[in-house]
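Colleague: curious how this folds, go ahead:
(chains A, B, C and D)
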2 protein chains.
Amino acid sequence: MLTLAVSILTMRSIRQDNITFQRMHIESLISYFDNHLRLNEEEKAFVRNNFFEKRVRRRQFILQEGDVCRLNTFVVEGCLRMYMVDEKGREHNLQFAVENWWIGDIGSFHSEKPSKLYIEAMENSIILQIRKEDQLRLFVEHPKFNRIFRVFTENALVSFQNRVLQNISSTAEERYLDFIARYPYLFNRISNVQIASYLGVTPEFLSTIRKKRSQS
Amino acid sequence: MLTLAVSILTMRSIRQDNITFQRMHIESLISYFDNHLRLNEEEKAFVRNNFFEKRVRRRQFILQEGDVCRLNTFVVEGCLRMYMVDEKGREHNLQFAVENWWIGDIGSFHSEKPSKLYIEAMENSIILQIRKEDQLRLFVEHPKFNRIFRVFTENALVSFQNRVLQNISSTAEERYLDFIARYPYLFNRISNVQIASYLGVTPEFLSTIRKKRSQS
DNA sequence: GTTTTTTCTTAAAGTACCTTATTGGCACAC
DNA sequence: GTGTGCCAATAAGGTACTTTAAGAAAAAAC
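Modeller: This next block holds a predicted model:
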């Protein structure tokens, strides 16, 4: 009898923890927004009601070529990558996303045309997603989010501009060093194959770059 | 006396034309906005009062390395380019802008840090510019523009993403063909030196690509 | 209309990077 | 234990692209 009571208590405690834990995730998105532009209670409620949590396991896809991207994704925990497969079957990483990053095929999301991209979890991950129609409502009913997302998009644009500049002006070695300097937390977390694909070189050539650097 | 009268008339007529002409320019920006999201009279008035027209001649700069980019620029007529100069003195074109395009160093505009970019007119051009503080007022006083500029920025982001994908996955020849297909009006208008710099290859190599293509 | 500058082309030698193939190491499944 | 990926490293031969130099054509400046 005593044992039973303890076991029920334990279960309840675990359940409680899970609820707290899940609530924490959407709250971390809310505080993320709130840090950019203070939200009122209505706006917070909209976020709570329209983003839903999802858990994806390593190697699971949240978008595949040919699908229309109908969800915008915020990463709470874990790591994902977005990539293209060319006609020779080679993969090319367009973007990684770890904690507090957004990921999605914006082009497909807006045009509602089939995406040419894949988004795959590289680790077991926890994400928050919103449907396109809800995001549109978000922008109409709570115009503040236009401003927030305009700034996010501008920041993303700047980093892609820098990447283009690097690609047309730097060697693979320079791009690798810049990657390490810019994303030290990624560099320790993902394989060199993935980094090579992001930089636009073969893993073999990245390996020779690394060797050369470790020697000098 | 008659001659004098005629000459005054002519002058007035020219002056009149210029005024009409100038008014037309800001109106073309207004109808550009209006096509994206219908503007009311207040919003139109704000645009009329806060964008100012400027004429720049070929080879003139509207931004130079080290300057903070404090203006956002809309091209009414002409053609400009934005580029970086690397440590070896080579120029790398990040973007062109012709009629109805926006150009500016968004990173510097927001951070107010010195830009690493140049923006130079490649033809005599007519542009409309807004100061940063006025654009911020635009966003606060007329929230609709957050939405408009969010969409512009998203479109720009998509095209830079495509460019990154191309740079890491395609050969110079493929990128050249794509450039021609995507921007036929630019291809006829700017020199191959500039196109090469945009694609990230030397003019000499672009020349061999062109030769190879003209033969087959 | 002439000079000056810029653009386009060609060619040869050099370098950055790719392809293919082979190896060994490490994690995970059966 | 043995098989089965997946990842990192290495090497040799090949290709894409650069560098340098030089000449001709076109455009811009005077």
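Colleague: ok, the residue nearest the centre of chain A - contacts?
Modeller: Most central in chain A under CA atoms, centre = their mean is residue A:97, positioned 3.2 Å from the mean C-alpha point. Applying CB atoms under 8 Å, 6 or more residues apart in numbering or on different chains, one finds that residue A:97 lies in contact with A:73, A:75, A:79, A:80, A:81, A:82, A:103. For glycine as for every other residue, the C-beta is placed from the backbone atoms N, C-alpha and C.
Colleague: which of those residues fall in helices?
Modeller: Using DSSP state H, no member of the contacts of residue A:97 falls within helices.
Colleague: and of those, the nearest to chain B?
Modeller: Chain B lies nearest to residue A:82 out of these, by CB to the nearest CB, at 9.2 Å.
Colleague: for the closest one, give its distance to residue A:104.
Modeller: Using CB to CB, to the nearest Å, residue A:82 is found at 8 Å from residue A:104.
Colleague: and if you look at residue A:166?
Modeller: Distance, residue A:166 to residue A:104, by CB to CB: 23 Å.
Colleague: looking at those two, which one has more neighbours?
Modeller: Comparing residue A:166 with residue A:104 by other CB atoms under 10 Å in any protein chain shown, the one with more neighbours is residue A:104, at 24 against 20.
Colleague: that one reaches residue A:75, doesn't it?
Modeller: No: between residue A:104 and residue A:75 no contact is recorded; they are 10.8 Å apart, counting by CB atoms under 8 Å.
Colleague: chain neighbours aside, what residue packs nearest to residue A:84?
Modeller: residue A:92 (5.0 Å; CB to CB, 6 or more residues apart in numbering or on different chains).
Colleague: hmm, back to that, which strand residues bridge the residue nearest to the centre of chain A?
Modeller: Taking DSSP bridges as the rule, residue A:97 bridges to residue A:80.
Colleague: any idea of the pLDDT on it?
Modeller: Predicted confidence (pLDDT) for residue A:97: 97.
Colleague: cool, residue A:28 as well?
Modeller: 92.
Colleague: which bits of chain A sit near chain B?
Modeller: Applying CB under 8 Å from any CB of the partner chain, we find that chain A lies next to chain B at A:84, A:86, A:90, A:92, A:94-95, A:106-107, A:110, A:139, A:143, A:146-147, A:149-150, A:153-154, A:156-158, A:160-165, A:167-169, A:197-200.
Colleague: which among those residues are in contact with DNA strand C?
Modeller: Counting by CB under 7 Å from any atom of the strand, residue A:200 from these sit close to DNA strand C.
Colleague: among the residues of chain A next to chain B, which lie within helices?
Modeller: Short answer: the residues of chain A next to chain B in helices (DSSP H) are A:106-107, A:110, A:139, A:146-147, A:149-150, A:153-154, A:156-158, A:160-165, A:167-169, A:197-199.
Colleague: can you get me a residue count around residue A:189?
Modeller: Residue A:189 has 14 nearby residues by other CB under 10 Å.
Colleague: from residue A:176, how far out is the closest residue to it other than its chain neighbours?
Modeller: Using CB to CB, 6+ apart and skipping the chain neighbours, the partner closest in space to residue A:189 is residue A:79 (6.2 Å). With distances taken as CB to CB, residue A:79 is found 19 Å from residue A:176.
Colleague: flag every residue of chain A that's near DNA strand C.
Modeller: By CB under 7 Å from any atom of the strand, the residues of chain A that approach DNA strand C are A:88, A:171, A:172, A:173, A:200, A:201, A:202, A:204, A:205.
Colleague: wait, doesn't the third one sit right on residue A:205?
Modeller: In other words, residue A:172. Yes: the pair residue A:172 / residue A:205 is scored as a contact, 6.3 Å apart, by CB under 8 Å.
Colleague: ok, of the ones in helices among the residues of chain A next to chain B, which come out buried?
Modeller: Buried members of these, counted by 16 or more other CB atoms under 10 Å in any protein chain shown: A:106-107, A:139, A:146-147, A:149-150, A:153-154, A:156-158, A:160-165, A:167-169, A:197-199.
Colleague: tell me which of residue A:172 and residue A:205 has more neighbours.
Modeller: More crowded of residue A:172 and residue A:205, by other CB under 10 Å: residue A:172, with 17 against 14.
Colleague: where do the strands sit along chain A?
Modeller: Secondary structure of chain A (DSSP state E): strands at A:52-56, A:61-63, A:71-77, A:80-85, A:91-97, A:102-103, A:117-121, A:125-131.
Colleague: turn the ones you listed into a markdown table, including distance to residue B:26.
Modeller: Listed next are those as a markdown table, based on distance: least, CB to CB, whole Å:
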| stretch | distance to residue B:26 |
| --- | --- |
| strand A:52-56 | 45 |
| strand A:61-63 | 42 |
| strand A:71-77 | 35 |
| strand A:80-85 | 40 |
| strand A:91-97 | 38 |
| strand A:102-103 | 35 |
| strand A:117-121 | 39 |
| strand A:125-131 | 38 |
